[in-house]
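Visitor: I need the structure of the sequence given here:
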Amino acid sequence: QVRLVESGGGLVQAGGSLRLSCAISGTTFTSYATGWFRQAPKREREFVAAISWSGGSTKYADSVKGRFTISRHDATVYLQMSGLKPEDTGVYYCAAVDASYTYTDLTDYDYWGQGTQVTVSP
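Guide: Now for the predicted structure:
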């Protein structure tokens with residue numbers, strides 16, 4: 001059974017940094033793409049960043065370009081967040097799909113973690 005476990009969330013002041021981690025286990029497929037999404041209260045879940053299986057391709061939402069960096073090492077995916085803003089507040093979810101490329105639509109992903117809360121104070 002595929003399992004994704006996020007960690008690294010917390011409370012930070014605006015302008016600060018956090019690094020989220022997503023540990024992936026139980027996969028039986030030979031390659032998988034991963035992504036990060038977030039959901040603020042009373043808002044729909046939205047795309048943040050994605051990375052291909054090889055790590056050679058990445059995509060970012062316009063709102064986080066230049067501030068967030070997605071990377072992966074073995075079975076762990078990271079989201080380095082810098083220059084955080086109050087509007088970055090939300091629950092951050094890691095997702096995976098049995099495919100090689102990058103995907104920005106949440107309906108493309110088959111596996112999800114339970115989420116980790118990020119709160120950015122003004």
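Visitor: give me every residue that touches the residue lying closest to V97 once chain neighbours are set aside.
Guide: Among residues not flanking V97 along the chain, Y109 sits closest, at 4.8 Å (Cβ to Cβ, 6 or more residues apart in numbering). For every residue, glycine as well, the C-beta is placed using N, CA and C. Counting by Cβ atoms under 8 Å, 6 or more residues apart in numbering, Y109 makes contact with G35, A95, A96, V97, Y103.
Visitor: Excluding residues flanking it in the chain, which one is nearest the residue at minimal distance from the centre of the chain?
Guide: The centroid of the chain falls nearest to W36 when counting by Cα atoms, centre = their mean (2.1 Å). Distances taken as Cβ to Cβ, 6+ apart put V48 closest to W36, at 4.3 Å, once the chain neighbours are dropped.
Visitor: Report the beta-bridge partners for the residue nearest to Y32 when sequence neighbours are not counted.
Guide: Sequence neighbours aside, A96 is the residue nearest to Y32 in space, at 5.0 Å (criterion: Cβ to Cβ, 6+ apart). Per DSSP bridges, the residues bridged to A96 are T34, Y111.
Visitor: ok, how many other residues are close to A96?
Guide: Residues lying near A96 (other Cβ atoms under 10 Å) number 24.
Visitor: residues contacting it?
Guide: Counting by Cβ under 8 Å, 6+ apart, A96 touches V2, L4, I24, T27, Y32, A33, T34, G35, Y109, D110, Y111.
Visitor: wait, which of those residues is closest to V91?
Guide: Distance to V91, by Cβ to Cβ, is smallest for L4 among these, at 13.7 Å.
Visitor: Show me what the helix or strand that the closest one is a member of pairs with in its sheet, parallel or antiparallel.
Guide: When elements are assigned from DSSP states H and E, L4 belongs to strand 3-7. Take DSSP bridges as the rule and strand 3-7 pairs in its sheet with strand 18-25 (antiparallel).
Visitor: can you list contacts of the partner strand?
Guide: Contact with strand 18-25 is made by 2-10, 12, 32, 34, 36, 75-81, 84, 92, 94, 96, 113, 116, 118, as judged by Cβ under 8 Å, 6+ apart.
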